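> Return atomic coordinates for the entry below.
(one chain, ligands or ions: 1)
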Amino acid sequence: MVSRYDLSPDELAVVLDGEPRYRVNQVWEGLYAQLRSPAELTTLPKALRERLDRDLPSALRPVTESVSDSGDTVKFLWELDGGARIETVLMIYPDRVTVCVSTQAGCAMACGFCATGQAGFTRHLTSGEIVEQVILAARRGQDLGRRVGNIVFMGMGEPLANEPAVHTAVERLHHDVGISARHLTVSTVGIVPGIERLAKWREPVNLAVSLHAANDALRDELVPINRRYPIARLMDACADYLEARGRRLSFEWALISGVNDRRQDAIELADLALDLPLAAHVNLIPLNSTPGYPVRGTEPAGVARFRNELVRLGVNATVRSNRGNEIDAACGQLAAGQLSKPAADRTGTGNVPLDTPRRRGSV
Ligand code: SAH
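Sure, this is the predicted structure:
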């Protein structure tokens, strides 16, 4: 199915054949800049509106929506053409609003600690399926009186394994929706050829590399793609990216108790971060619990200790909050299809002990 955000302007012109020329711009602006569906384009004649609503179908069928207790995190579960399910997270902060989008249904990278990785790969998303997640989440933001200013490609899937669709989505978001590439962040497990291609995009997006381990023995275990693109190659690609772009790079590091949160890990990580032409910024997050990985996230005191060690070594490091945890919307917890109960039924927040894994029924 070709959905409403999959068409190029030329393809839209074909759909609007026989209409006055200016209609193409009018519909395009309505869809992208005004975040409207064809049925809402009241400047169009009613018959045309109805035809477009039929001929340009939405790609995302809403299944459920969970809202965190504080109301500032909303997780959307969508069903795609063919039945696959994906999730999108809207995060509302006092000073900014961020949408976290999925780029694949499932993921083939098989990182053991990630709920999406545990579920395996279903299919790539089209650029339209990626863009529409932003549009619909931004609509929700609008209803709440807020404007979405940042997009992170950190939902389900590996963006650089689906690079053509992700790049087209970035073009649409930057040029048509009007969210500058400087406010878009592509997160990768470390697919080296993908990083090399991204360095050549016209749009200067931010790059986040999910590092999690600073030596190959440990990274081979945590992030299996490391066996194909080991750390030395990955760092070369990061260095080339920095030289081509001059933009900041960040390393993501999920702190796993007793696995990658020791002093030695901080020292190895600092070496990598500081060895780049422009030092990498490190984002720390205690590992979020997932059903298939029986190891805990580092306790808050250990997180603070690790951060202080990095700072002492001269690294810029921030601790990210695991917001959305109680609705399974936190990093690495997105696993549509084996979704948890509605948010209202859940007890407790934060990391749950993994020796008593939460049971997940189907929705
Ligand atoms: N495939 C991409 C983007 C999706 S994951 C990537 O790997 O970067 C987004 C981030 O969440 C990544 O940094 C990923 O390593 C991290 N993540 C995955 N599972 C997690 C978990 N259980 N707890 C904390 N972070 C996790």
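> Can I get the helix or strand residue 303 falls within in PDB? Just the C-alpha atoms.
Applying DSSP states H and E as the criterion places residue 303 in helix 300-312. Output of helix 300-312 as PDB, limited to C-alpha atoms (Å, rounded to 0.1, in the frame of the first residue of the first chain):
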ATOM      1  CA  PRO A 300      21.400   5.200  41.100                       C
ATOM      2  CA  ALA A 301      24.500   5.500  43.300                       C
ATOM      3  CA  GLY A 302      26.500   3.400  40.800                       C
ATOM      4  CA  VAL A 303      25.200   5.600  37.900                       C
ATOM      5  CA  ALA A 304      26.300   8.700  39.700                       C
ATOM      6  CA  ARG A 305      29.700   7.100  40.400                       C
ATOM      7  CA  PHE A 306      30.200   6.100  36.800                       C
ATOM      8  CA  ARG A 307      29.300   9.600  35.600                       C
ATOM      9  CA  ASN A 308      31.600  11.300  38.000                       C
ATOM     10  CA  GLU A 309      34.400   9.000  36.900                       C
ATOM     11  CA  LEU A 310      33.800  10.000  33.300                       C
ATOM     12  CA  VAL A 311      33.700  13.700  34.200                       C
ATOM     13  CA  ARG A 312      36.900  13.400  36.200                       C
END
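> List the strands paired with whichever helix or strand comes after it, with their directions.
Downstream of helix 300-312, the first helix or strand assigned by DSSP H and E is strand 317-319. Neighbouring strands of strand 317-319 in its sheet, by DSSP bridges, are strand 281-286 (parallel).
> that's a strand at residue 89, yeah?
Yes - Residue 89: assigned to a strand according to DSSP: H, G, I helix; E, B strand; the rest coil.
> How much space separates it from residue 29?
27 Å (C-beta to C-beta, to the nearest Å). Any C-beta I mention is one placed from the backbone N, CA and C, and that applies to glycine too.
> Determine the three-state secondary structure at the residue in the chain that the ligand sits nearest to.
Proximity of the chain to the ligand (C-beta to the nearest ligand atom) peaks at residue 332, 1.9 Å away. Classification of residue 332 by three-state DSSP places it in coil.
> can you count the residues close to it?
Residues contacting residue 332 under the criterion other C-beta atoms under 10 Å number 23.
> And for residue 257?
Close neighbours of residue 257, defined as other C-beta under 10 Å, add up to 15.
> pretty sure it contacts residue 295?
Yes - with contact defined as C-beta atoms under 8 Å, residue 257 and residue 295 form a contacting pair (6.4 Å).
> who touches both of the two?
residue 287 (C-beta atoms under 8 Å, 6 or more residues apart in numbering).
> Now do the closest residue to residue 31 other than its chain neighbours against residue 60, distance only.
Here the nearest residue to residue 31 in space, its sequence neighbours aside, is residue 4; by C-beta to C-beta, 6 or more residues apart in numbering that works out to 6.3 Å. Separation of residue 4 from residue 60 (C-beta to C-beta): 10 Å.
> residues shared between the contacts of these two?
By C-beta under 8 Å, 6+ apart, the residues touching both residue 4 and residue 60 are residue 132.
> Just grab the bridge partners of the closest residue to residue 91 other than its chain neighbours for me.
Nearest residue to residue 91, sequence neighbours excluded (C-beta to C-beta, 6+ apart): residue 98, at 4.7 Å. Beta-bridge partners of residue 98, counted by DSSP bridges, are residue 91, residue 150.
> where in this structure is pLDDT low?
For the chain, residues meeting the criterion pLDDT under 70 lie at 337-363.
> what does it have sitting close to the ligand?
109, 113-114, 154, 158, 187-189, 210, 252, 254, 285, 287-288, 290, 331-332 (C-beta under 6 Å from any ligand atom).
> Validate this expectation: residue 65 resides in a strand.
Yes - under three-state DSSP, residue 65 sits within a strand.
> what residues are up against it?
Contacts of residue 65 by C-beta under 8 Å, 6+ apart are 74, 75, 76, 77.
> can you pull up the bridge partners for it?
In beta-bridge terms (that is, DSSP bridges), residue 65 pairs with residue 76.
> on that earlier part again, verify the stated contact: the residue nearest to residue 31 with residue 57.
Yes - Residue 4 lies in contact with residue 57 (C-beta under 8 Å); the separation is 6.6 Å.
> Can you pick out the residue with more neighbours from those two?
residue 4 (22 against 15).
> Can you pull the phi and psi angles for the more buried one?
When read as degrees, to the nearest 10, the backbone of residue 4 gives phi -60, psi -30.
> Please report the distance of it from residue 130.
13 Å.
> which one is the most centrally placed residue in the chain nearest to, not counting chain neighbours?
Nearest to the geometric centre of the chain sits residue 154, at 2.0 Å (C-alpha atoms, centre = their mean). Leaving out its chain neighbours, the residue that sits closest to residue 154 by C-beta to C-beta, 6+ apart is residue 187, at 4.5 Å.
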